[in-house]
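J.: okay, structure incoming, though there's no sequence with it:
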């Protein structure tokens with residue numbers, strides 16, 4: 001990155017989407033992501049639940065991406081070393097997921113395809129060497145399937161992080177490709193680039209192959225997102241030339257400039273991937289984490305006030321086009337510089353990206369440099385939180401993703417300060433735009449109960465069809481009657497960020513900080529798009 005449940009053929013999710021498309025009854029969301037109406041008509045009750053108003057303007061305060069990259073390449077984060085047993089790998093992954101929850105995060109981006117290989121069971125590409133030490137070596141279980149199941153149980157989104165073109169280093173990756181690797185079977189796809197190698201973005205067969213690999217995962221796994229990082233055409237390197245002469249001669253006839261042709265090759269991949277995801281599982285978000293500078297204003301007056309490498313020119317990554325065309329659902333630029341850094345000032349670049357997404361419907365998350373903790377200028381406990389002190393105040397910024405999780409684990413002081421200042425309470429993930437206007441596709445949870453323990457309250461409910469996650473709220477003393485009376489303002493007050501206990505994919509959640517004079521608890525269900533449905537009946541632990 002510096003220099004992302006159960007495997008299904010999707011009858012459950014597919015049926016859900018088909019039902020949504022055919023729906024004729026509008027069920028209004030409890031609260032929309034941005035405070036705008038999420039439906040039309042009168043509020044309606046869901047199941048045994050209470051009425052839900054059309055929108056809550058404060059809902060954006062509890063919707064925030066809080067993600068981290070979990071890196072498999074070179075065993076940076078996980079597994080800690082190749083060759084661990086399946087149970088050892090699972091135990092390490094469980095620990096990373098548990099720590100993600102403890103740090104107040106709500107999403108993990110698992111490196112599922114690091115070097116044209118698979119950290120999941122695939123008929124298209126061999127197993128990644130970082131699991132067993134040998135490309136093609138079966139680890140004895142399906143890591144992505146396990147990761148999705150365990151993440152969802154903990155209330156974490158699980159995004160599959162893919163590198164679309166990178167094959168790896170000449171040694172050890174390219175020299176040790178498995179016999180059944182697609183590049184072995186199609187050597188004309190490979191372009192050597194110094195000590196590295198990539199498949200050729202200018203070859204239409206490569207684009208078709210990469211898209212098919214991506215869609216295989218989207219279709220078979222219950223992931224929440226598909227994610228690209230910053231590796232498109234390779235970063236410039238002294239003495240290395242990307243020799244795509246053959247594909248340029250064969251396919252570049254409509255272009256006078258090879259740079260424009262290369263950018264269009266990447267643009268077309270983005271269109272293909274986004275379009276096919278939208279046709280198959282539109283609730284799976286598709287986004288990218290590009291290098292933090294698109295272009296400098298010295299090159300292009302519409303670029304950012306910076307003077308560093310330009311991803312538009314160096315990697316042929318035209319992020320602006322992806323935003324304008326809507327071929328990404330979010331961008332998470334790697335803004336790995338401190339506030340006030342002259343070459344690439346964090347504040348100036350965050351504002352530039354905020355302006356780029358303004359009014360487009362594309363979300364903006366900030367890629368945060370946890371790996372820099374301990375470096376000069378990044379030694380204080382507020383090194384991460386001070387970044388959010390600025391960017392968190394911009395309306396267009398919808399959250400952050402940290403590279404990488406090991407750096408968070410190894411810098412407890414900075415994480416504790418981040419939790420205290422920005423992550424003191426939990427947050428629901430951002431809502432994914434639905435192609436229809438049906439409203440949330442879930443009813444209110446039923447059978448809700450609350451049981452007091454030793455300074456805790458355990459809330460339990462019956463799981464319902466079409467629920468992806470559940471959110472639990474503790475109600476202040478004066479909320480119950482107004483909520484039961486169907487007061488819209490009371491509903492929004494009840495589901496306010498400060499009342500959110502947490503999110504889970506299971507059927508229980510324990511409140512470790514219950515109110516002494518609280519009125520009880522309510523539960524909502526989040527559908528595939530993470531839209532929040534009607535509120536349940538109130539469960540009072542004292543009754």
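T.: All right, it came through fine. Please read these numbers as outputs of a predicted model, since none were measured by experiment.
J.: the stretch 351-500 of the chain: helices as residue ranges?
T.: Using DSSP state H, counting those that start in this stretch, the helices of the stretch 351-500 of the chain run over residues 385-391, 405-409, 412-421, 479-484, 488-494.
J.: tell me which residues in the fourth one are buried?
T.: Of the residues in helix 479-484, those buried under the neighbour-count criterion (16 or more other C-beta atoms under 10 Å) are 479-480, 482-483. The way it works is simple: take the backbone N, C-alpha and C, and place the C-beta from them, glycine included.
J.: over to the first one?
T.: Within helix 385-391, the residues that count as buried by 16+ other C-beta under 10 Å are 385-388, 391.
J.: kindly report the same for the second one.
T.: Of the residues in helix 405-409, those with enough neighbours to count as buried (16+ other C-beta under 10 Å) are 405-409.
J.: what of stretch 70-81?
T.: So, applying 16+ other C-beta under 10 Å, buried residues of stretch 70-81: 70-73, 75-79.
J.: now distance to residue 454 and secondary structure too, for the residues you listed, in TSV please.
T.: Shown next, in TSV, are the buried residues of stretch 70-81 (distance: C-beta to C-beta, whole Å; DSSP: H, G, I helix; E, B strand; the rest coil):
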residue	distance to residue 454	secondary structure
70	34	strand
71	39	coil
72	40	coil
73	44	helix
75	41	helix
76	40	coil
77	35	coil
78	34	coil
79	37	coil
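J.: among the residues you listed, which one lies nearest to residue 196?
T.: residue 73 (12.4 Å; C-beta to C-beta).
J.: so what's the closest residue to the closest one other than its chain neighbours up against?
T.: The shortest distance from residue 73 to any non-neighbouring residue, by C-beta to C-beta, 6 or more residues apart in numbering, is to residue 114 (3.7 Å). The neighbours of residue 114, taking C-beta atoms under 8 Å, 6 or more residues apart in numbering as the test, are 71-73, 128, 130, 163, 166, 168.
J.: and with 7 Å instead?
T.: Taking C-beta atoms under 7 Å, 6 or more residues apart in numbering, we find residue 114 in contact with 72-73, 128, 130, 163.
J.: and the residue located most distally from the centre of the chain, what pLDDT?
T.: Here the centre of the chain is the reference, and by C-alpha atoms, centre = their mean the most remote residue is residue 543, at 40.0 Å. We have a pLDDT of 81 for residue 543.
J.: so how far is residue 151 from it?
T.: Residue 543 sits 34 Å away from residue 151, going by C-beta to C-beta, to the nearest Å.
J.: point out where the protein drops to low pLDDT.
T.: Counting by pLDDT under 70, the chain shows low-confidence ranges at 1-60, 487.
J.: which one's the longest helix in it?
T.: Of all the segments of type helix in the chain, defined by DSSP state H, the longest one is helix 258-280.
J.: from the contact counts, what lies against that helix?
T.: Helix 258-280 sits against helix 204-220, strand 285-288, with contacts defined as 3 or more C-beta pairs under 7 Å, 6 or more residues apart in numbering; DSSP states H and E.
J.: would you mark the buried spots in stretch 96-104?
T.: Neighbour-count burial for stretch 96-104, counted by 16+ other C-beta under 10 Å, picks out 96-97, 100-101, 103-104.
J.: between the residues you listed, which sits nearest residue 240?
T.: residue 96 (34.4 Å).
J.: that closest one in helix, strand or coil?
T.: At residue 96 the chain is in helix, as set by DSSP: H, G, I helix; E, B strand; the rest coil.
J.: next, the contact list for it, please.
T.: Neighbour list for residue 96: 70, 78, 405 [criterion: C-beta under 7 Å, 6+ apart].
J.: how close does it sit to residue 445?
T.: The value you get for residue 96 to residue 445, if C-beta to C-beta is used, is 29 Å.
J.: can you show me the strands along the stretch 401-543 of the chain?
T.: 446-452, 457-462, 469-475, 500-504, 508-511, 520-526, 532-535 (DSSP state E, counting those that start in this stretch).
J.: can you tell me the strand partners of the fifth one and which way each runs?
T.: When you say that, I think you mean strand 508-511. Here strand 508-511 is paired, per DSSP bridges, with strand 457-462 (antiparallel).
J.: would you check which pair of the buried residues of helix 479-484 lies furthest apart?
T.: Longest span within the buried residues of helix 479-484, C-beta to C-beta: 480 and 482, 7.4 Å.
J.: how far away is the nearest residue to the residue farthest from the centre of the chain once chain neighbours are set aside from residue 442?
T.: The shortest distance from residue 543 to any non-neighbouring residue, by C-beta to C-beta, 6+ apart, is to residue 520 (7.9 Å). Relative to residue 442, residue 520 is positioned 21 Å away (C-beta to C-beta).
J.: the nearest residue to residue 305 once chain neighbours are set aside: what secondary structure?
T.: Leaving out its chain neighbours, the residue that sits closest to residue 305 by C-beta to C-beta, 6+ apart is residue 348, at 4.9 Å. Per three-state DSSP, the secondary structure class of residue 348 is helix.
J.: how many neighbours does residue 348 have?
T.: 18 (other C-beta atoms under 10 Å).
J.: how about the helices in the stretch 101-250 of the chain?
T.: Here the stretch 101-250 of the chain has its helices, by DSSP H, counting those that start in this stretch, at 129-132, 143-153, 182-185, 204-220, 245-251.
J.: which of these sits closest to residue 502?
T.: Residue 502 lies closest to helix 143-153 among those, at 12.6 Å (C-beta to C-beta).
J.: verify the stated contact: residue 166 with residue 111.
T.: No - judged on C-beta atoms under 7 Å, residue 166 makes no contact with residue 111 at a distance of 11.4 Å.
J.: of these two, who's got more company?
T.: Using other C-beta under 10 Å as the criterion, residue 166 and residue 111 rank with residue 111 on top: 26 against 22.
J.: cheers, nothing more for now.
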